[in-house]
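[1] following is a predicted model, sequence given first.
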Amino acid sequence: MNELEELLNNISIDIRKRNTQRSAMSIPQSDEFFEHIGRKYTLIPFTIPKLFKILVDSHKLFQFKIVEADRKERIRRIDGFIVTEGNVIKSLLEFYSDELIKEYAHEFAKRHQLEKILREFIPKINEYNNTPLGKAANIVINVMSFQSVLERHITEYGTNWQERRLKIEIEKSDPISYFLDTARDIKPAQNKSAGLKQAKKSGDKQAADHMRYSDLKKYSGKNSIEKTLVVYGVEFYTRVCFRDNQYALIQKLIEDGAIEEREDLLTIKRLLQKERVNADKDPRLQNYAYEINNLEKIVNIKLK
């Protein structure tokens, strides 16, 4: 088993653990789970969806929409993830069916059977986007669909089929260095042999970093800043901008409201602190002291 396969299997295990709980967190959601996975396995944020796509294409996961993106309302799309196991899906359907009945009763002060709720609710489900009732309905509708898919295509969701497909998807994928966050400190090699090995890894990671930066710039040239931030994440986008000394650009995005979440602002502040430390070693950065100060000032104002 190579390192990328091991990483993918670990992510699948993490999702299954959540799926087998009976709680509101039983289905991992992209808005929180991507961040959790990123921290746990030290991953570059914008590469995480690619890992999940490999698992989906290998039929190890079902992925579905829980919340629809709404630019006008500043709502980001949220996806859910479920392992492709019949007993797990059955348990989730039972739990979330009860949740939907409860949410419907809370919303309309009347209690109906699941079938009646779905018949009434499906035509107007978009009206309840990003609400507890809308989320519960989307989950139930999709989980029911997945149950049907498993019944009709059972051979494509067996272990042998999944493993063969996973190997094919891994062969087509970027190497694991593409996904790993290289910003973390690397421990020095203990001997000459280890040093040579580390140097090779470092070269591979530098090449992967260059590829990531190139991908982002190509993507941002064809798509809106809002979509770019969603796909690549505020942290990685900011790192790229800082790499090119585009502090004023990040400031404008904050002032325009494109970046406004507190967690994102704290991330930018942390990266700014690293820039200040680097300025002591890199005189070139001192030429951008004015822009750095202005950016830090607007970040502090927004955080207050």
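    Looks like it arrived, so ask away.
[2] need the next SSE after the host helix or strand of residue 106, C-terminal direction.
    Assigned by DSSP states H and E, residue 106 falls within helix 86-108. Next helix or strand after helix 86-108 toward the C-terminus (DSSP H and E): helix 114-121.
[3] so after that following helix, what's the next helix or strand?
    According to DSSP H and E, the helix or strand after helix 114-121 is helix 132-152.
[4] and that next one, what does it pack against?
    strand 61-67, strand 78-83, helix 86-108, helix 114-121 (3 or more Cβ pairs under 8 Å, 6 or more residues apart in numbering; DSSP states H and E). Where you see a C-beta, it was placed from the backbone N, CA and C, and this is true even at glycine.
[5] buried sites along the next helix or strand after it?
    Next along the chain after helix 132-152, taking DSSP H and E as the criterion, comes helix 159-172. Using 16 or more other Cβ atoms under 10 Å as the test for burial, helix 159-172 gives 162, 165, 166, 169, 170.
[6] quick one: contacts for the first one?
    When you say that, I think you mean residue 162. 58, 59, 60, 84 (Cβ atoms under 8 Å, 6 or more residues apart in numbering).
[7] any idea which residue is closest to the centre of this protein?
    residue 34 (3.4 Å; Cα atoms, centre = their mean).
[8] ok, then the element right after the helix or strand hosting that residue?
    Using DSSP H and E, residue 34 falls within helix 30-41. Next along the chain after helix 30-41, taking DSSP H and E as the criterion, comes helix 48-57.
[9] run through who's touching that following helix.
    Contacts of helix 48-57 (Cβ under 8 Å, 6+ apart): 7-8, 11-12, 30, 34, 37-38, 43, 61-63, 81, 165-166, 169-170, 173-174, 179, 231.
[10] out of the helices and strands packed on helix 132-152, deepest packed?
    strand 78-83 (a mean of 22; mean count of other Cβ atoms under 10 Å).
[11] pLDDT weak spots in the chain?
    The chain contains residues with pLDDT under 70 at 1, 182-214, 280-281, 283.
[12] and residue 127, how many neighbours?
    Residue 127 is flanked by 10 other residues according to other Cβ atoms under 10 Å.
[13] whoops, I mixed them up, residue 273
    Residue 273 has 11 neighbours, counted by other Cβ under 10 Å.
[14] and residue 243, by the same measure?
    Neighbours around residue 243, by other Cβ under 10 Å: 10.
[15] how close does it sit to residue 271?
    In this structure, residue 243 and residue 271 are 11 Å apart, going by Cβ to Cβ, to the nearest Å.
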